[in-house]
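In: model the structure of this input:
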Amino acid sequence: MALEVIHRLKTLTNNILKALDNKYLVGGIFCNPTKAFDCVDHGILLGKLEYYGIKGSANNLIKSYLKDRYQRVVIRNKYSNTYY
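Out: Have a look, this model is predicted:
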């Protein structure tokens, strides 16, 4: 797994450098969404993203990430309620 991540980072870096060498405009958003959506209503979030211009395939990508996700806490083998 770690080698795969390193390979992907090297490929990404190489692609960015090539684009910059060719005078292309390069932008990116890098985030770890693992915990970011735990306390946000997904419908409201997707609506706001669309309102601010995140539409089409980008919005669908985020929607597919959020689909069928749930949150539950485990402390000393005791489980909280599951929230969808």
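In: any idea how many residues pack against the closest residue to residue 66 other than its chain neighbours?
Out: Excluding the flanking residues, the one nearest residue 66 by Cβ to Cβ, 6 or more residues apart in numbering is residue 42, at 4.7 Å. (Each C-beta comes from the backbone N, C-alpha and C, glycine too.) Neighbours of residue 42 under the rule other Cβ atoms under 10 Å: 15.
In: just checking, residue 42 touches residue 64?
Out: No: with contacts counted by Cβ atoms under 8 Å, residue 42 stays clear of residue 64, the gap being 11.4 Å.
In: what about stretch 57-75, start to end distance?
Out: In stretch 57-75, first residue to last residue: 38 Å (Cα to Cα, to the nearest Å).
In: quick check: mean pLDDT across it?
Out: What stretch 57-75 shows for mean pLDDT is 82.
In: can you list the buried residues in that stretch?
Out: Within stretch 57-75, the residues that count as buried by 16 or more other Cβ atoms under 10 Å are residue 62.
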